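In: whatever this is, show me its structure:
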Amino acid sequence: MRVHCNMGQPRLPDQGPPNTELTVHGTFSSTGWQGSNPPDIAIWEMLRLFHEQPRARSLYPHLAQFQPVPYVKYSGEDMKKEQATIFADRNGQVFMFRSFRARWLMDASHEVEEAINVLVGDDLENNDALRVKCQDGVRGPHWPIIIGHHRQSATKPMLAAWHSANQDRVDAFMKLKIVQRIINWVERVVEIVFPGVAARFRADAAWHYRRYGIKPLFGLFWNFCLNAWFRGQRRIHCNPHTDKKNQIGVCVLVIYVLDGFVFDDDLYTWIVIWEAGVVVQLPPWTLAMYPSCLFYHFNVDVDEIEFVSTKGNVRPTRENSTPLGRGGQDGRRSMVFFNQSTMRTGPATDYDTLAEAKANGHSGTIDITLTCQEAFERYVEFRPILPEYF
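Out: Got it, this is the predicted structure:
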């Protein structure tokens, strides 16, 4: 397993801090229950540059100085040599994980596509009204199908609206072996890499079961989102956004590719974690875990970006750096597992709603530092290099 400690610059213009610290550079809400957006000016400037030119080219000068994290692939039996990647902040606190490619999932690509067809049905066929509605979606022009329990502003949790309206389809989807295998895979990886997150998710689920008699349908997660595509859409490629309504923890992004397509992930649809200053390659059949509520993130093609690298722990510039060396764009798809913050407030306060908790003396806030300490592991320890090491 490879450990990658991010040293990227996170903000516009080029004046960000030299290293990332989760509790400093993550965007938390004032109450600490969930994430938030960066300052409006940062959002406005980023979005302006993202949309100013095709393919977000106006952002390239900034992204070129981010830390690229490519993925080294092997074929055949040598796939076992592929490595996962841990991302740690300057305190050694892990904030992101990228798995190696899952050969079992790759071999089950046909089953994955069949499962998606069971869930989506014919909803996207000749549905011009829905296409128009999704065209200007914050995350992109795809259709996010969300199933599972949520509470939102209600007193008690309930099934998401689309889930309730399509119960038979959801039930058939959930019974498929490949779906259960993906859920189990996601659950195991979270437990290994983020045991603090997993422990809290399990404790929260136990509270909900005692209170309402419900359990998460997706292992550790209450919600599943399929990023569904309309006919003619080449790939799932997301615009800048934060999932600010999610709780402080991790969401899990699973990447796959449709049968018959060879997606060139060496060049296309990498993920930018803005505040962390990294641009990460996510090949199909991998998963990525990170606190999507705390970081602005989006997809970008890297075929025209000349990333720079330097020797030593210095911020890369064109003067002190050298360029790094540099299939198709169709068929890439994704699914997401996540937990919303409103499913956390009940277990943390022992009241149905935050308003009820505040009426009974609770502050209505939660300690951000403690939440992060409990959730995110410190697998990395930084020490000075002393003379006796030489």
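In: where's Arg169, which helix or strand?
Out: In this structure, Arg169 sits in helix 167-174 according to DSSP states H and E.
In: tell me how far that helix is from the chain's mean position?
Out: Chain-centre distance of helix 167-174: 25 Å, with C-alpha atoms, centre = their mean, to the nearest Å.
In: quick one: mean pLDDT over that helix.
Out: The average pLDDT for helix 167-174 rounds to 98.
In: any buried residues in that helix, and which?
Out: Using 16 or more other C-beta atoms under 10 Å as the test for burial, helix 167-174 gives Arg169, Val170, Phe173, Met174. Just so you know, the C-beta spots here come from the backbone N, C-alpha and C atoms, and that holds for glycine as well.
In: what's the answer for stretch 126-137, then?
Out: Using 16+ other C-beta under 10 Å as the burial criterion, the residues of stretch 126-137 that qualify are Arg131, Cys134.
In: how far does that stretch sit from its chain's centre?
Out: 24 Å.
In: mind listing residues that contact that stretch?
Out: Residues outside stretch 126-137 that contact it (C-beta atoms under 8 Å, 6 or more residues apart in numbering) are Asp123, Leu124, Pro141, His142, Trp143, Pro144, Phe230, Asn239.
In: now a PyMOL select for only the buried ones of those residues.
Out: Provided next is the PyMOL selection string for whichever of the contacts of stretch 126-137 are buried by 16+ other C-beta under 10 Å:
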select buried, resi 124+141+142+143+230+239
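In: the contacts of stretch 126-137 in strands, which ones?
Out: Among the contacts of stretch 126-137, the members found in strands (DSSP state E) are Trp143, Pro144.
In: need the max-distance pair from the contacts of stretch 126-137.
Out: Taking C-beta to C-beta as the measure, the contacts of stretch 126-137 span a maximum distance of 22.4 Å, between Asp123 and Asn239.
In: helix, strand, or coil at Cys372?
Out: The local conformation at Cys372, judged by DSSP: H, G, I helix; E, B strand; the rest coil, is helix.
In: which element follows the helix holding Arg169 toward the C-terminus?
Out: helix 177-193.
In: okay, buried residues for that next one please.
Out: In helix 177-193, counting by 16+ other C-beta under 10 Å, buried: Ile178, Val179, Arg181, Ile182, Ile183, Trp185, Val186, Glu187, Val189, Val190, Glu191, Val193.
In: stretch 357-377 too?
Out: Ala357, His362, Ile366, Ile368, Thr371, Cys372, Ala375, Phe376, Glu377.
In: kindly check the end-to-end length of that stretch for me.
Out: Using C-alpha to C-alpha, to the nearest Å, the end-to-end distance of stretch 357-377 comes out at 29 Å.
In: same check, this time on stretch 230-240
Out: End-to-end distance of stretch 230-240: 20 Å, with C-alpha to C-alpha as the criterion.
In: repeat that for stretch 53-63.
Out: Start-to-end, stretch 53-63 (C-alpha to C-alpha) is 15 Å.
In: all further residue positions should be reported with the first residue as 17.
Out: Right, with 17 as the first residue, what we last looked at is stretch 69-79.
In: returning to what we had before: tabulate the buried residues of helix 183-190 (JSON lines), appending distance to Pro77.
Out: Formatted as JSON lines, those follow (distance: C-beta to C-beta, whole Å):
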{"residue": "Arg185", "distance to Pro77": "46"}
{"residue": "Val186", "distance to Pro77": "45"}
{"residue": "Phe189", "distance to Pro77": "44"}
{"residue": "Met190", "distance to Pro77": "46"}
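In: which one of these is nearest to Arg250?
Out: Using C-beta to C-beta, Phe189 comes nearest to Arg250 of the buried residues of helix 183-190, at 24.5 Å.
In: excluding chain neighbours, what is closest to the closest one?
Out: Closest residue to Phe189 apart from its sequence neighbours, by C-beta to C-beta, 6 or more residues apart in numbering: Leu135 at 4.3 Å.
In: run a quick neighbour tally on the one you found.
Out: Neighbour count of Leu135, defined by other C-beta atoms under 10 Å: 22.
In: helix, strand or coil for it?
Out: Once three-state DSSP is applied, Leu135 turns out helix.
In: related to what we said a few turns ago, between the contacts of stretch 142-153, which sits nearest Glu129?
Out: Of all the contacts of stretch 142-153, Glu129 sits closest to Leu140, with 14.0 Å by C-beta to C-beta.
In: right, and that closest one touches Gly248 too?
Out: No - assessed by C-beta atoms under 8 Å, Leu140 is found out of contact with Gly248, at 10.5 Å.
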